[in-house]
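Engineer: Just need the structure, nothing else, for what follows:
(3 chains)
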Amino acid sequence: MTTLLYLFRRILSSIPILVLVGLITFLLIHLTPGDPAAVVAGDNATQEAIEAARHRLGLDQPFLVQFWHWLHGVLTGDLGTSFTSGRPVLSLIFDRLPITLSLTAGSTLIGLGISVPLGVFAAIRRGSWMDRATIFTTSLGIAAPEFFIGLLLVLVVALELGWLPATGYIPFSEDPLEWLLRLVLPSLTLGVGVAAELARQVRGAMIDVLARDYIQTARAKGLSTLSIIIKHGLKNAAIPVVTVLGLQIRRLLGGAVIVEQIFAMNGVGSLAVRAVFLRDLPVLLGVALITAIIVLLVNLIVDMSYGYFDPKVRQA
Amino acid sequence: MQMINKRRLRMRNLTPWLLAAALCGIQPAVAADPPPNPNAALIYFDAVSNQTLDPQEPQNNSSFAQGVLMAVYDSLVRLDASGEPRPGLATAWHYNEDLTEFTMTLRHGVTFHDGTAFNAAAVGRNLQRSLALGNRAGAATFETTSQIAAVDVVNDDTIRLKLKAPSGQMPYLLGGQAGMMISPAALTNGAFGATLTPVGTGPYRVRSFDSNVQTLTTRNDAYWEGVEGRPAAFEHHFASEARARLNAVRSGQASLALIEPRQIPEAKAAGFAVQVNEKNSTWEIGLNLSHETVGKLKVRQAIMHAIDREALADALGFGASRPTVQYFAASSPWAVPALEAMYPFDPDKARTLLAEAGYPKGVDISWLLLNTAEYKQLGEAVQAMLGDVGIRVKFDMVDVSQYTLFRRPAPGRGDVLMVRWGGRPDPLQTFQEGIGSKAAPWPAAVPEIDRLIDQARGMTPSDPQRTKVIHRLGQLATEQVAHVTLMTRSNVYAYRPGCITNLPPYLPTGNDRINDTRVGMGCK
Amino acid sequence: MSATTVSSLPAARPAVLPPTSGFVRRFCRNRTAVVSLIILLLITLVAIFAPMLAPHDPARSSLRAIMKPPSARYWLGSDDLGRDVLSRLIFASRLSLLASVQAVAIALSIGLPLGLISGYVGGWVDTIIMRFNDALMSFPALILAVVIVGLMGPSLTNAMTAIGLVYAPRIMRVVRGSTLSVRQEVYITAARATGCGDGRIILRHVLPNVTGPLVVQATVLMGQALLAEAGLSFLGLGVQPPEASWGAILGTAFPYMAQSPVPTIAAGTVISVTVLCFNLVGDGIRDSVGRMRRAGD
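Structural biologist: Numbering: from 1, shown residues only, chains lettered A, B, ... in the order given. Down below sits the predicted model:
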């Protein structure tokens, strides 16, 4: 019951932020130079069409009324219609979401797969050359622009060595193997950045755990370091790791914009970029809103997972 | 409809052939083209996309958007590879004495993809719709409808167009977008552009359409011309990155890709078949003559002298381009050889002309630039050349599908726009759409251009006087710098050897016509 | 309350930057940070003296010499229009660095006052500003930047404004945190009680406390802004030709990577090294301001 209550309270406290996210998205349209009604009416609009758009959009009404109508539309799943294709923005985004989410998931997995062993070894061998090398490479990994890593991977792995394909995306439903192969390089590109951040967290958390009293006791009792790590260390490290992972989602979604360009994937990121040149405002705003909501959702899940990792949180 | 698993099908279908060959003791063909595989899918990765599948929509006026349109819609007149009018949905046509009436006899037994019968009423419906669109339609369509006074459905297979003035152009114009026939059932409720369901009579029917992304079609097995060997499906994919297009062929995701000339060495080295289709196509810069700066002849002449066309063609053409100052390549009967000497590369002369035009400190112009690597590269190269003489270019970057913004809505956007011009079957159309006053919200460079266009329109294409008028138009266009040409261009394709057959250069449009292209048996 | 003046209160140890000499000494002991700082200074010098250092005119294209590999004439080779890559990178450093400074300045000009107000005033003002901040930080940075540029139109100024707006929340958080921790100090309450104006309090007591973490954050943000500008220009949304920043050079070199990989590698390396140096210097500053009160982010 406590867990449910905790869940409920957490969800409730997310709502104001969601509303604010919506408000910010709604306000963004006023960044457009010129008359919003003219832009919304489209490039081929006559003066009457512009005025009609102004009335239809309620731009001649008080601000809060406008926002309410827009919010109402969003809640019923209507994010507007694309200027260029005439398709509903939501369905455009949902079509491409699997691609971006595959990329995000893949990057997270690779990030975890690299950072956990690396962080653990660095913690165990603290102070050694390996530890210092880890710290240095993680600094590098954090600093290097993702797209540079991506370009290097394309150059070396795809072009020179020809091991993996460099472009495109094939849906899982069509060919699972190809789907996987094509995701390797893009996921690696973003995963390196994630791994760099996470490795530090894992290392820090492991060092923390290994210094604790009950660990000394367990060691004295003769338990191997490995089982200590697995039993206590990882669970302790889970919270900071999960926290950082939650933060990384934000970074991964942003990074997807560039990685999708490099690897010619038709995800949400490249939808947004193309929308800039098409001046397709509803699509741009829709992408902003949906990605923010995804970030909020992930953070919510992260928060709720604390309840699992640390029972004390639930009772708070 | 299920996805076609190409690899499995190819293997499955190779066996009976080999078996048959073994049984009959026939040697499998070596040097000749492999037999076509009617179960394969022709998957084409292109550098342009269709925003909608409405032939009359302005964005589809581009002759590079025609590939899909020609596959889905037949037109009344079919232009052959060299641009000559041949029977299409109309089997025969004739003019009256003074070229003011154009009558067509229509083909029997043709149905649209949705089962609607094709007849004169359907044609009438299409033409009435285009007439009603007026200048909301693309330039080629508008050029056609602006000449039509009335449409008469004579009987089920005969239709007559009454023209406002004598015009010998109808066979050419009705071979293009204006002649593409859409099912009347799809034309209800003012459907236009994105709201039009794309139903035609063509060899491929639309299965799904994703605006500016891809068009997936399947073979029309009831096609009136027969289906012999035609692939079971045709897919048109947009990939703005040339690298991605070549990689798609490399990985087997595509059977055919349009690549950029600079990729020719790389493609050949990788073992692909590289096909260079020379076209009646040029890189063109259009100018908004109503603007103060480029409206001045001396400024335009300065632009002409500032550009080193040879260097451009050598460096950026990779053997697929030749310098030219006119719409037509040197080998074309419409070219006027003497014009090539009119504007040699001369930066000093350019600066002098600018000063004479009243811009001793140089001039600023805005350039509507389409967002692809090829356009940006050429644009930057020309920008540098113009910058050298004091013409400071500022780019206004838009998506590749937004080139129509240059002219519409009025008064247009940008001082200049560079495009690939795909050519037209009738050279008069090139002048009409390129420099005539009907095609843009600004007047022609000089009134004589419009006068000559009207004059030529009143002659039949076989009239030797017409050729003279065409030459005079070309001369005037270059003298008055009604447009700026940079160099010719070709379509370059890459595919696995033996996989693609029958994709010859199709001169009437910028795309090549893939309707009869076959996918070879047994190619990976 | 007895008649004590502020000056006779026990000498508080406000968490200001320790005496400069202590800070500098500590910083210099961090060799990585020092090396990074030197590299950054060198890059800045290159940017300032670009016309003297660049071997060729970065805009001069030589169409007969496109995509040449590195040679004596073109140290890093020539790009797809025959321009010297090294000269372009040298001149591009100006745009890249200036752009980052611009973006961080915008972030500071928004984040600093808001953070001060939020932390100092507290109450519902603080709550509202913080919630707004949280909401803004829910948008992925690059996506928000792309959307803002999409609304305003692609240009370097708009890109930098977008990046500044996107990063302002981080500055705000740091400033608010420092402000909060100072606000709770006894001597602040005392100062107010004795009639010190809020403005004076902020200036004399709050700001010095904020400076430390702010400088760290701003330094790191310089690197982030550089990355963001590179990303936007790579996508064609930032700097417009003929101007070029490092990101733009990367963006135009990339399609030709198969034929000519050197420009891509060179531009990417330069960006990476610069960002790394900003990060390391930021780390160094943070470590050197050691005895500082824990503040903010």
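Engineer: quick one: low-confidence ranges for the stretch 351-500 of chain B?
Structural biologist: Regions of the stretch 351-500 of chain B meeting the criterion pLDDT under 70 are absent.
Engineer: Just the closest residue of it to chain C, please.
Structural biologist: Using Cβ to the nearest Cβ, the single residue of the stretch 351-500 of chain B nearest to chain C is B:Ala373, 4.3 Å away. Heads up, the C-betas are built off the backbone N, CA and C, glycines and all.
Engineer: The most centrally placed residue in chain C: what secondary structure?
Structural biologist: Nearest to the mean C-alpha position of chain C, by Cα atoms, centre = their mean, lies C:Met222 at 1.8 Å. At C:Met222 the chain is in helix, as set by DSSP: H, G, I helix; E, B strand; the rest coil.
Engineer: How about the residues of the stretch 51-200 of chain C by chain B?
Structural biologist: C:59-61, C:63-64, C:66, C:80-82, C:154 (Cβ under 8 Å from any Cβ of the partner chain).
Engineer: can you list those in JSON lines and add pLDDT, secondary structure and neighbour count?
Structural biologist: Converted to JSON lines, these look like this (pLDDT from 0 to 100; DSSP: H, G, I helix; E, B strand; the rest coil; neighbours: other Cβ atoms under 10 Å in any protein chain shown):
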{"residue": "C:Ala59", "pLDDT": "87", "secondary structure": "coil", "neighbour count": "19"}
{"residue": "C:Arg60", "pLDDT": "87", "secondary structure": "coil", "neighbour count": "13"}
{"residue": "C:Ser61", "pLDDT": "87", "secondary structure": "coil", "neighbour count": "25"}
{"residue": "C:Leu63", "pLDDT": "88", "secondary structure": "helix", "neighbour count": "18"}
{"residue": "C:Arg64", "pLDDT": "87", "secondary structure": "helix", "neighbour count": "10"}
{"residue": "C:Ile66", "pLDDT": "88", "secondary structure": "coil", "neighbour count": "22"}
{"residue": "C:Asp80", "pLDDT": "90", "secondary structure": "coil", "neighbour count": "23"}
{"residue": "C:Leu81", "pLDDT": "92", "secondary structure": "coil", "neighbour count": "23"}
{"residue": "C:Gly82", "pLDDT": "91", "secondary structure": "coil", "neighbour count": "20"}
{"residue": "C:Pro154", "pLDDT": "88", "secondary structure": "coil", "neighbour count": "24"}
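Engineer: and which of those residues is nearest C:Arg176?
Structural biologist: C:Pro154 (33.0 Å; Cβ to Cβ).
Engineer: Does that closest one touch B:Phe395 like I think?
Structural biologist: No. C:Pro154 is beyond contact range of B:Phe395, at 9.4 Å (criterion: Cβ atoms under 8 Å).
Engineer: which residues do the two both contact?
Structural biologist: The contact sets of C:Pro154 and B:Phe395 overlap at C:Gln240 (Cβ atoms under 8 Å, 6 or more residues apart in numbering or on different chains).
Engineer: What is the neighbour count of residue 135?
Structural biologist: All of this refers to chain A. For A:Ile135, the count of nearby residues is 14 (other Cβ atoms under 10 Å in any protein chain shown).
Engineer: Can you look at chain C instead?
Structural biologist: Using other Cβ under 10 Å, C:Ala135 has 22 neighbouring residues.
Engineer: again, but for B:Ala117
Structural biologist: B:Ala117, neighbours per other Cβ under 10 Å, totals 13.
Engineer: Look up how far chain C lies from B:His305.
Structural biologist: Separation of B:His305 from chain C (Cβ to the nearest Cβ, to the nearest Å): 17 Å.
Engineer: gap between that residue and A:Leu12?
Structural biologist: The spacing between B:His305 and A:Leu12, counted by Cβ to Cβ, to the nearest Å, is 72 Å.
Engineer: These two: who's more crowded?
Structural biologist: Using other Cβ under 10 Å, the more surrounded residue of B:His305 and A:Leu12 is B:His305, with 21 against 9.
Engineer: Can you tell me the element the more buried one falls in?
Structural biologist: Secondary structure assignment for B:His305, by DSSP states H and E: helix B:297-306.
Engineer: mean confidence for the next helix or strand along the chain from that helix?
Structural biologist: Next helix or strand after helix B:297-306 toward the C-terminus (DSSP H and E): helix B:309-317. The average pLDDT within helix B:309-317 is 92.
Engineer: how far away is the residue nearest the centre of chain B from B:Arg457?
Structural biologist: Centroid-nearest residue in chain B, with Cα atoms, centre = their mean: B:Ser63, separated by 1.6 Å. B:Ser63 is 20 Å from B:Arg457, where distance means Cβ to Cβ.
Engineer: what's the answer for B:Arg424, then?
Structural biologist: In terms of Cβ to Cβ, B:Arg424 sits 14 Å off from B:Arg457.
Engineer: These two: which is more packed in?
Structural biologist: Taking other Cβ under 10 Å, B:Arg424 and B:Arg457 do not tie; B:Arg424 has more neighbours (27 against 21).
Engineer: list the contacts for that one?
Structural biologist: Contacts of B:Arg424 (Cβ under 8 Å, 6+ apart): B:63, B:140, B:172, B:176, B:280, B:430, B:433, B:508.
Engineer: Now the two most distant members of these.
Structural biologist: B:Ala140 and B:Asn280 (15.2 Å).
Engineer: Now for the nearest residue to the residue nearest to the centre of chain B once chain neighbours are set aside: which residues touch it?
Structural biologist: Using Cβ to Cβ, 6 or more residues apart in numbering or on different chains and skipping residues adjacent in sequence, the residue nearest B:Ser63 is B:Gly422, 3.0 Å away. Listed by Cβ under 8 Å, 6+ apart, the contact set of B:Gly422 reads B:62-64, B:66, B:279-281, B:509-511.
Engineer: let's see 10 Å
Structural biologist: B:62-66, B:279-282, B:284, B:430, B:489, B:491, B:506-511 (Cβ atoms under 10 Å, 6 or more residues apart in numbering or on different chains).
Engineer: count of residues packed around B:Ala132?
Structural biologist: 12.
Engineer: is the helix or strand hosting it up against chain A anywhere?
Structural biologist: For B:Ala132, the host element (DSSP H and E) is helix B:120-133. No. If you take Cβ under 10 Å from any Cβ of the partner chain as the test, helix B:120-133 misses chain A, and the best it gets is 12.2 Å.
Engineer: Quick check: next helix or strand after that helix?
Structural biologist: Per DSSP H and E, the helix or strand that comes after helix B:120-133 is helix B:139-145.
Engineer: For that following helix, enumerate the helices and strands it packs against.
Structural biologist: Judged by 3 or more Cβ pairs under 10 Å, 6 or more residues apart in numbering or on different chains; DSSP states H and E, helix B:139-145 is in contact with helix B:120-133, helix B:170-173, helix B:427-435.
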